Each structure stands twice: as structure tokens, then as C-alpha cells.
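K.L.:
Mind folding the following:
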Amino acid sequence: MKTAVVLLVVLVMLVGMVAPSEAWVRGGHFHGFRGCCAGWWWPGAIVGGLALGAVAAATYPYYYAPPPAYAAPPVVYQSATTYVTPSAPAVHREVSYPNGRYVLHGDGVTQPWQWVWVPAAPPAPPPPPR
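P.N.:
Numbers count the residues shown, from 1 in each chain. Sure, this is the predicted structure:
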């Protein structure tokens, strides 16, 4: 339908341009120029070129690919990441000496490290004489 309307309008314009212009009727005079084809064709050439361009644009077969059907991507569920609390490194918590020992308290994260001196127990009293 659209193409038929455009073709009809272009046909009417072309028929109007084929008819002789006023300059042709007056013997080829157009704004002071004399002779054959002195200028009567300029309006027709411009309008005709525009009309021809409109026809070419209106009737050009625009091919387009239909949009591809939407396919949802496959759903992939990932297992929840498990975090393993790293085990504390092997720390010597006691350092022994003949007269006592140092004991390490705390974990360095929630409680600060602290070395505590624990003196050795006094020697046992000698047994009573018999």
C-alpha cells in the first residue's frame, strides 16, 4: 500500500515535469538566456532527481533477518562455598626451666598473647624422723 502511494505521487510529479515550462513556451528565454535548453530543464532536473531518489528509497527491498528466538541460558547452580577455619599452627605453649616454666596464654586473635611465669613447686618437706 505504501509503495503504491509513493509511486502514484512520483508519477504525478514526473508528468508535471514533462509538460513544457513557461520558458520553453516563450521560445527558450529563461532569465535572459537564449537558445535551446538554456535553462528550462533545471527545475525539472532537480525535482525529478528528488522524486527518483524518493522512489528508489521507498521501493528498495530492505531485507532483514528476524530476531533470533530468545533462549534462556541454562541455569547452573553452584554449591555454596565452604570456608574452613585454618587450624592454629603448632605453638609451643610451655617452655620449662629447672625453677619454673613459662606458659603461653591467649590465641593472638580474640585474646592477645601473654607469657605467664609459673614457678616450680617448692621441694617437698623432708619426711619426719622415726
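
K.L.:
can you pull out the helices in this protein?
P.N.:
2-18, 22-25, 42-59 (DSSP state H).

K.L.:
Identify the residues contacting A121.
P.N.:
The neighbourhood of A121, defined by C-beta atoms under 8 Å, 6 or more residues apart in numbering, contains no residues. C-beta: built from backbone N, CA, C; applies to glycine.

K.L.:
what's the distance between it and E94?
P.N.:
Using C-beta to C-beta, to the nearest Å, one gets 15 Å for the distance from A121 to E94.

K.L.:
Please apply the same query to L7.
P.N.:
L7 is 104 Å from E94, by C-beta to C-beta.

K.L.:
Counting neighbours around each, name which of those two comes out higher.
P.N.:
L7 (13 against 9; other C-beta atoms under 10 Å).

K.L.:
so the more buried one makes contact with A54?
P.N.:
No: if you go by C-beta atoms under 8 Å, L7 and A54 don't touch, sitting 10.0 Å apart.

K.L.:
Could you tell me how many residues sit around the residue lying closest to R93 once chain neighbours are set aside?
P.N.:
Computed as C-beta to C-beta, 6 or more residues apart in numbering, the closest residue to R93 that is not its neighbour in sequence is L104, at 4.5 Å. Residues lying near L104 (other C-beta under 10 Å) number 15.
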